[in-house]
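test case, fold it:
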Amino acid sequence: MAEPARPLFFQTAEQRTALARQRFFDEGERPTGLVNEAVIQSWMRCTATRRNPRHAVSFDPVTRSRMHACLTRNQQLLLAGNDDLQQLAAALGGTSCRVLLTDGQGVVIHASAPLGTAPQPLLDAGSRVGVNLAEGEIGTTAPGIVARAASACTVQGAEHFHEMLQTLHCAAAPIRDVHGRLAGVLDLSIEGSPFGFDAAGLVALYASTIENRLLRLQSPAHLVLQFQASPRVLGTPLEGLAGIDVSGQLAWLNPVAQRLTGANALAHPPVDTVFGLAFEELLALHRAREPRALRLPNGLTVWVRAHIGSADGVDFNRAVATGGPPSAADEAAPDAPIADTAPSSTLDDHRDRVISETLAACGGNIARAARQLGVSRGLLYRRLRAAPAAEASAP
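Next comes the predicted model:
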């Protein structure tokens, strides 16, 4: 008897997914083109570990000690995401979606409150701090795939490996740290019906915002550059960010910055090959009140704003902004890089010089200098005592 002809076209995504499951689970074929490749890879990993799609899964929390350690270890991530997670939950107030934030291993560290009146037994069980959503625990889900592959992913309905999860729809995106490692996963999930909006785009937008905040939180001792082809998008998720460490080496780039420069931060290329300016020239940019135009070595012109991290609690940007009238360099044309009046070999040298200049401008008054720098007098005394010791130990 001839095999029945298989349809070439589908009216719905559900029909396409149903055929993909039939080919993969019943016929042992790879359903290439029917579902996302990331989903197929996840199905294959689940099958390799002898998971059964018909078996039930339980959303068991990790041990209390692991949950406590997880929350402690991810304090910076939670701080970076606090405002945006609340804003995202408010934006979803008219839907039945949940907002979940997991650590890099898939353990939930934040879950929004349930919305709507429709019953959501699966989300009620899974949206709890401490529940492990890793692929190895509950099979194919968007947060599980992202925790495993570190790439954005959407998993709809029957694309979930386990049949009991097929009423779920989820979209997730990665959040990386200054080392380029996966720091967490932001996920939107809904139960009972598909998303009524572009969930993948929305979660990617907020994941980028949280990632940018995390990068800056993790860079208290870095010179941070904000740049984009248009100055209007600086301060938004569309901006490129770059971190330069105290020795003048490129420490990290966010994904937008990587695309704009074509550079790989993990290779730590010299800053002048990426931005076309020496470290001292980039450092001087933080004195400018407005973004400056800069032509990169690849030919692209971007608008740049620089900010020095407040290491030891000292706000060096505030000290520069309030330290006195603007210099002639500050009034330079937008496309002319600012030349620092006394170039420093490292960011630490620059910090020490700013403290000395602020103290001199205040007539040696420690209390006034501390107020201008935004720190306590005790901290300023400690910095001043440390400076001679550092000079004495220098070769």
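
what number of residues lie near Val107?
Val107 has 25 neighbours, counted by other CB atoms under 10 Å. The C-beta positions use only the backbone N, C-alpha and C, and glycine is treated the same way.

with Gly93 instead?
Gly93 has 10 neighbouring residues, counting by other CB under 10 Å.

swap in Ser151?
Other residues close to Ser151 by other CB under 10 Å number 12.

A strand includes it, no?
No. Per DSSP: H, G, I helix; E, B strand; the rest coil, Ser151 lies outside any strand segment and is coil.

for it, give me the pLDDT.
Per-residue pLDDT puts Ser151 at 96.

that one contacts Ala38, doesn't it?
Yes. Ser151 is within contact range of Ala38, at 6.8 Å (criterion: CB atoms under 8 Å).

so what sits against both of those two?
Ile145 (CB atoms under 8 Å, 6 or more residues apart in numbering).

give me the most central residue, the protein.
Among the residues of the chain, the one closest to the centroid is Glu211, at 1.5 Å (CA atoms, centre = their mean).

for the helix or strand where it lies, packing partners?
Taking DSSP states H and E as the criterion, Glu211 maps to helix 199-217. With contacts taken as 3 or more CB pairs under 8 Å, 6 or more residues apart in numbering; DSSP states H and E, helix 199-217 sits against helix 75-91, strand 168-176, strand 182-191, strand 240-244.

swap the cut-off to 6 Å and go again
Contact analysis of helix 199-217 by 3 or more CB pairs under 6 Å, 6 or more residues apart in numbering; DSSP states H and E lists helix 75-91, strand 168-176, strand 182-191 as its packing neighbours.

of all these, which one comes closest to Met67?
The closest of those to Met67 is helix 75-91. By CB to CB, the value is 13.2 Å.

what's the angle from the closest one to strand 168-176?
Helix 75-91 runs at 140 degrees relative to strand 168-176, counting by axes from the mean of the first three to the mean of the last three CA atoms, to 10 degrees.

buried stuff in helix 75-91?
Of the residues in helix 75-91, 77-78, 80-81, 84-85, 88-89 count as buried by neighbour count, 16 or more other CB atoms under 10 Å.

go on, stretch 295-312?
For stretch 295-312, the neighbour count (16+ other CB under 10 Å) marks 296, 302-310 as buried.

ok, so of those, who is nearest Ala221?
So of the buried residues of stretch 295-312, ranked by how close each gets to Ala221 (CB to CB), first place is Gly309, at 5.6 Å.

residues contacting the closest one?
Neighbour list for Gly309: 219-222 [criterion: CB atoms under 6 Å, 6 or more residues apart in numbering].

quick check: phi and psi at the closest residue to it other than its chain neighbours.
Spatial nearest neighbour of Gly309, excluding adjacent residues (CB to CB, 6 or more residues apart in numbering): Pro220 at 4.3 Å. Main-chain torsions, Pro220, degrees, to the nearest 10: phi -70, psi -20.

could you do the one 3 residues further on as well?
The phi/psi pair for Leu223 (degrees, to the nearest 10) reads phi -80, psi 120.

distance of it from Thr236?
Applying CB to CB, to the nearest Å, the value for Leu223 to Thr236 is 21 Å.

same check, this time on Gln11
39 Å.

follow-up on the earlier one: can you report how many residues lie near the residue nearest to Gly309?
Each residue near Pro220 was counted by other CB under 10 Å, and the total is 13.

would you mind measuring from it to Ala360?
25 Å.

please apply the same query to Ala48.
Distance of Ala48 to Ala360, computed by CB to CB: 68 Å.

residues in contact with stretch 25-39?
Residues outside stretch 25-39 that contact it (CB under 6 Å, 6+ apart): 16-17, 19-20, 23-24, 145, 153, 159.

next, the residue nearest to Asp124 when sequence neighbours are not counted: secondary structure please.
Leaving out its chain neighbours, the residue that sits closest to Asp124 by CB to CB, 6+ apart is Pro114, at 6.8 Å. Classification of Pro114 by three-state DSSP places it in coil.

same check on Val274?
helix.

for the closest residue to it other than its chain neighbours, give me the pLDDT.
Spatial nearest neighbour of Val274, excluding adjacent residues (CB to CB, 6+ apart): Ala263 at 4.7 Å. Per-residue pLDDT puts Ala263 at 94.

confirm Ala263 sits in a helix?
No. Using three-state DSSP, the assignment for Ala263 is coil, not a helix.

state the distance from it to Gly299.
In terms of CB to CB, Ala263 sits 14 Å off from Gly299.

again, but for His179
Taking CB to CB, one finds His179 at 30 Å from Gly299.
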